[in-house]
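Q: Sequence plus the predicted model coming up.
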Amino acid sequence: MKKKSSFMQSMVAVLWAFLGVRKKSGLQEDVASLSFVHIVIAGVVGALIFMGILLLIVKAVVSH
């Protein structure tokens, strides 16, 4: 039986993917339990947060 996943679990999986650190057992667990739609949405949200942080850093550096 497939375990239901939460959106937060998807965000954590995407965060680990952004960092490039993941155990094979964790990856297999994610593939078995996470929803594709949650992963796509979490990826887009993660990318937007990452770009926002980069923009804030650039603005802070350029303004001084």
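A: Here it is on my side, so go on. Residues are numbered from 1 along each chain as shown.
Q: only C-alpha atoms for contact and neighbour calcs from this point on.
A: OK.
Q: distance of Q28 from A13?
A: 11 Å (C-alpha to C-alpha, to the nearest Å).
Q: Have a look at these two and say which one is more surrounded.
A: Taking neighbours as other C-alpha atoms under 10 Å, Q28 and A13 compare with A13 leading, 21 against 10.
Q: Might you report the residue contacts of that one?
A: D30 (C-alpha atoms under 8 Å, 6 or more residues apart in numbering).
Q: so it is in which element?
A: Counting by DSSP states H and E, the element that carries A13 is helix 7-19.
Q: which of the residues in that helix are buried?
A: Buried residues in helix 7-19, counted by 16 or more other C-alpha atoms under 10 Å: 9-11, 13-15.
Q: want to throw those into JSON lines with distance to V21 and pLDDT?
A: Output for the buried residues of helix 7-19, formatted as JSON lines (distance: C-alpha to C-alpha, whole Å; pLDDT from 0 to 100):
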{"residue": "Q9", "distance to V21": "16", "pLDDT": "85"}
{"residue": "S10", "distance to V21": "15", "pLDDT": "86"}
{"residue": "M11", "distance to V21": "14", "pLDDT": "87"}
{"residue": "A13", "distance to V21": "10", "pLDDT": "85"}
{"residue": "V14", "distance to V21": "11", "pLDDT": "85"}
{"residue": "L15", "distance to V21": "9", "pLDDT": "85"}
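Q: Can you name the two of these that sit furthest apart?
A: Q9 and L15 (9.8 Å; C-alpha to C-alpha).
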